[in-house]
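*Asks:* Next come a sequence and a model predicted from it.
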Amino acid sequence: MGMHPRWVRDDVVTSTTQRTIDRQFLFKPDPFTRNLIGASAARALEKFPVKIYWLEYNIDHEQSGIAPVDDSPLAATNLVRFKQLFHRLLAEGINNHLGREGGVFSSGSRDVPCVDNESAEDRYFYALTNPVKDGLCDRIKHWGGFSTYAALAEGTVETFTYIDGTAWNRAGGRRSNRPKKPFERTITLAFTPLPGWEHLSAPQRQTRIRRRVRELEQHFREERKKEGRFAMTKEKMEKVDHRDRPATPAVKTRKPLCHAASLEARKLYEAEYREFREAHLQASICFLSGHFDVEFPKGSFRPPLIVCAA
């Protein structure tokens, strides 16, 4: 049994970060990759509904904020299956595009719950402006990688395309040398307003995002100036190879239990999580002892049953 069981709550936004294998620049900005990310996420969302608050891509990692649509067991399961399908479609597309094999992500995602609205908002703007902070562009509006800026800050309805492989195969597929273009489908990706922003109109949310982004861009601009750094130009970015990686070693930090805007909010979550862990532990012991009808805490998952082969 794991020491830190997953706890999925519909009233908590999970901030996730997941890096590419060997920190390679597999998400280097280009129209294909941007479309692939959007289409893969939209297709997974269509099959396994979740709330997507943000979905941002740096050159070598993904940052997202997601939550289940409600507190039902099905919604918690959909959250897991959404990520599985999304990343499978993404990996298949990246590998086909670059002529490579193997995994795209180095390990499991780093999932940290945002236990209040303020911390969710903070994590959103951190993820959104991350390429600017890293000097990959001067303004997030000019970032060629996948970003929610156009959708959430400007109200742009973006569409993405993909090939319906199932329909293509049913029509003969590779055996009949059928072209794939007639099986191209168009799809859109829907986002959920940040917690606490639901009462705002779309223009009000967009204005708030644009204002905060301008403040952060100016802050990062001043930081680069002090350090003698310059934002990467579009021409320089085009020379980057997808298999390149950062020259500096990765800085490893301990994953926090949660993101919270106040000490009180953090302490409350710590107490709630201790109770959850104890309840999950007791239920797991009963389940693994053969009591398969035991009730698990809401938003949790049963441990796997391991059967030893003779």
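*Replies:* It's in.
*Asks:* Straight-line length of stretch 282-302, end to end?
*Replies:* Taking CA to CA, to the nearest Å as the measure, stretch 282-302 stretches 11 Å from start to finish.
*Asks:* Ok, stretch 141-153 next?
*Replies:* Using CA to CA, the two ends of stretch 141-153 sit 9 Å apart.
*Asks:* Residue 255: what's it in contact with?
*Replies:* Neighbouring residues of residue 255 by CB atoms under 8 Å, 6 or more residues apart in numbering: 110, 112. To be clear about C-beta, it is placed using only N, CA and C from the backbone, and glycine gets the same treatment.
*Asks:* Let the chain start at 9 from now.
*Replies:* From this message on, residue numbering opens at 9, which makes the last subject residue 263.
*Asks:* per-residue confidence at it?
*Replies:* Per-residue confidence (pLDDT) for residue 263: 91.
*Asks:* Look at the closest residue to residue 203 other than its chain neighbours and report its pLDDT.
*Replies:* Spatially, and ignoring its direct neighbours in sequence, residue 203 is nearest to residue 125 (4.6 Å; CB to CB, 6 or more residues apart in numbering). Note for residue 125: predicted pLDDT of 97.
*Asks:* Around residue 125, count how many other residues there are.
*Replies:* 14 (other CB atoms under 10 Å).
*Asks:* what residues are up against it?
*Replies:* 202, 203, 204.
*Asks:* Need the buried ones from those selected in PyMOL.
*Replies:* Of those, the buried ones can be selected in PyMOL as follows, counting by 16 or more other CB atoms under 10 Å:
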select buried, resi 202+203
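*Asks:* Between the contacts of residue 125, which sits nearest residue 187?
*Replies:* Using CB to CB, residue 202 comes nearest to residue 187 of the contacts of residue 125, at 42.6 Å.
*Asks:* so that closest one is in which element?
*Replies:* For residue 202, there is no helix or strand it lies in under DSSP states H and E.
*Asks:* what residue ranges in this structure score low on pLDDT?
*Replies:* The chain contains residues with pLDDT under 70 at 9-11, 315-318.
*Asks:* Can you report how many residues lie near the residue lying closest to residue 106 once chain neighbours are set aside?
*Replies:* Distances taken as CB to CB, 6+ apart put residue 250 closest to residue 106, at 5.5 Å, once the chain neighbours are dropped. For residue 250, the count of nearby residues is 18 (other CB under 10 Å).
*Asks:* Same question for the one 5 residues further on.
*Replies:* Neighbour count for residue 255, taken as other CB under 10 Å: 5.
*Asks:* repeat for the one 10 residues further on
*Replies:* Residues contacting residue 265 under the criterion other CB under 10 Å number 14.
*Asks:* and the gap between it and residue 87?
*Replies:* 19 Å (CB to CB, to the nearest Å).
*Asks:* do residue 285 as well
*Replies:* 19 Å.
*Asks:* cool, and residue 161?
*Replies:* Remark: distance between residue 161 and residue 87 (CB to CB) = 26 Å.
*Asks:* What of residue 15?
*Replies:* 11 Å.
*Asks:* Quick one: the helices in the stretch 209-318 of the chain, in order.
*Replies:* Counting by DSSP state H, counting those that start in this stretch, one finds helices in the stretch 209-318 of the chain at the ranges 210-235, 242-246, 271-296.
*Asks:* Just send those helices back as TSV, with mean neighbour count and distance to residue 31 too.
*Replies:* Below are the helices of the stretch 209-318 of the chain laid out as TSV (neighbours: other CB atoms under 10 Å; distance: least, CB to CB, whole Å):
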stretch	mean neighbour count	distance to residue 31
helix 210-235	14	21
helix 242-246	11	17
helix 271-296	15	30
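*Asks:* would TSV of those helices with distance to residue 75 be doable?
*Replies:* Compiled in TSV, these are given as follows (distance: least, CB to CB, whole Å):
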stretch	distance to residue 75
helix 210-235	17
helix 242-246	33
helix 271-296	15
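*Asks:* Minimum distance to residue 135: which of the ones you listed has it?
*Replies:* Comparing the helices of the stretch 209-318 of the chain by CB to CB, helix 210-235 comes nearest, at 11.4 Å.
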